[in-house]
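> Pasting a predicted model and its sequence here:
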Amino acid sequence: MSPARRIIPCLDADGARVVKGIHFTGLRDAGDPAELAARYDAEGADELVVLDIAASRDRRPTFLDTVRRVALQLSIPLTAGGGIRSLDDARAVVRAGADKITVNTAAVRRPGLITELSAEFGAQAVVVAIDAKFEETSSNWDVRVRGGRDSAHLDVLDWARRVVERGAGEILLTSMDRDGTRSGFDVALTSAVSHAVPVPVIASGGAKTPAHFAQVFSDGAADAALAASIFHDQAQSIRVLKEFLLQQGIEVRFPC
Amino acid sequence: MSIALIDYGAGNVPSVERALEKLGAASRRVCQPGDLALATAIVLPGVGHYAAMIRALDERNLRAALLEAIGRGVPFLGICLGLQALYSWSEEAPGLSGLGVLPGSIKSLPRDVKLPHMGWNRLRLRTASALLEGLSGADYFYFAHSYAAMDSLDAAVATSEHGAPFTAALEQGKVCATQFHPEKSGPAGARLLCNFLKLAA
């Protein structure tokens, strides 16, 4: 008896709307966050993540309102983040209804933030997001910040171990090499991180087919898998995905 | 029914409130001992660190009022840390005393599995229980914890397992508690909350 593998849709929110990135052409509207949240809850999503992709100060109130509207629809856990730089930022998203907080760039700049969040909300509420990019020269994965634009000059496995020591209860691991490619999760990266840390790892970046999910659970040792646009498009139903995983002998929450 | 929802600043108070509301049950957030006198049911949510919860209860002088209400037979539902608070003490904060309604302590789950125990897991039902009526070993519930009641499973109406078996749900008279979060557990969690409301009616 062990926890089922989790399927986590992610809503990238730009203010009051969910958006999806299209290569070279920018962002396209993908719907109302509350409507999508209600649909995913009913379809059997195990958790939901909502990220503020704009993460600008002046639009913060709009994002918090989005978190509030999403939380009202859910009977499953909600993680929120994007632009969280301080304990006060985190308190605001928790008050808006988030069960967990995710931090990325700010944690790299000031790792003490992880300790503060963990002390206030408990490790189970602190999800550290790590964006990883493979470096040919050094043959290891490099931590990227600011939406993947800059190198943090940190080794992903070292950083993953450090964030857990600081009090992270979970790692949201995104492959910058696979993100947006729909060529499958980075199984090698996920497996390396999952075996390096004692906390659950959420794999992200590159999902398209049910087989991609099966692979990242079995070979990648992921505890959960996250995807955005394939769910928004209704290209992939969560229910059908879970049926497939069950047939592959992977334990998921079903019926849901 | 007057449901007192103990509000000492725990993160899951609003979601428990919403989950009860969806079932048509209005609750009142309370944070003072006097507020418990008129309660016909008490819900103690909790998430985070054991020490923060016990200190928050004591700072608000809620310990005696809670024990008095439980002693009077007021239906009680503890969620997550709210279950752990019922025992004598926890390894997470060895210097502090729990409510001591149940004997034994809270201990860390084994370190050879991923902690926190985070996600959806099933129950092993042990005895007939009003709290778990209509639910079975096929239902999944949402857990997010690293510590658990493992000393004795005597009080458990259901156990779950992550590295070791632990008390997932208990029901002793009108004292109920779950290690998982029914307010975050989809339709199965709603069913359990509904069962508690019936038991408290």
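Okay, I see it.

> Which residues of chain B lie near chain A?
Within chain B, the positions near chain A by C-beta under 8 Å from any C-beta of the partner chain are B:11-12, B:14-15, B:18-19, B:22, B:47-49, B:111, B:113-122, B:124, B:140, B:142-146, B:160-162, B:181, B:183-187, B:189-190. Yep, even glycine has a C-beta here, placed from its N, CA and C like the rest.

> 7 Å instead, please
B:11-12, B:14-15, B:18, B:47-49, B:114-122, B:140, B:142-145, B:160-162, B:184, B:186, B:189-190 (C-beta under 7 Å from any C-beta of the partner chain).

> Just grab the bridge partners of the nearest residue to residue B:125 once chain neighbours are set aside for me.
Residue nearest to residue B:125 in three dimensions, not counting chain neighbours: residue B:158, with 5.0 Å by C-beta to C-beta, 6 or more residues apart in numbering or on different chains. Under DSSP bridges, the beta-bridge partners of residue B:158 are residue B:125, residue B:169.

> do the same with residue B:42
Assigned bridge partners for residue B:42, using DSSP bridges, are residue B:4, residue B:76.

> Was I right to think it contacts residue B:1?
No: if you go by C-beta atoms under 7 Å, residue B:42 and residue B:1 don't touch, sitting 11.4 Å apart.

> Let me know whether the host helix or strand of residue A:115 sits next to chain B.
Assessed by DSSP states H and E, residue A:115 sits inside helix A:112-121. Yes: residues of helix A:112-121 contacting chain B under C-beta under 7 Å from any C-beta: residue A:121.

> what's in contact with that helix?
A:87, A:90, A:94, A:101, A:103, A:106-107, A:126, A:128, A:163, A:166-168, B:11, B:48 (C-beta atoms under 7 Å, 6 or more residues apart in numbering or on different chains).

> again, only using 6 Å
Contacts to helix A:112-121, defined as C-beta atoms under 6 Å, 6 or more residues apart in numbering or on different chains, come from residues A:87, A:90, A:106-107, A:126, A:163, A:166-168, B:48.

> now stretch A:30-45
Counting by C-beta under 6 Å, 6+ apart, A:9, A:11, A:13, A:18-20, A:48, A:66, A:69-70, A:73-76, A:232, A:238-239, A:242, A:256 sit against stretch A:30-45.

> So which residues of the chain form strands?
I went with chain A, as the question did not name one. Per DSSP state E, chain A carries strands over the ranges A:6-14, A:17-22, A:26-31, A:48-52, A:78-81, A:100-103, A:126-135, A:140-145, A:150-155, A:170-175, A:201-204, A:224-227.

> You answered for a different chain; I wanted chain B.
B:3-6, B:27-30, B:41-44, B:76-79, B:89-90, B:105-108, B:117-122, B:124-125, B:140-145, B:147-149, B:156-161, B:165-172, B:175-178.

> Out of those, which is closest to residue A:194?
Closest approach to residue A:194 among the strands of chain B (C-beta to C-beta): strand B:117-122, 13.4 Å.
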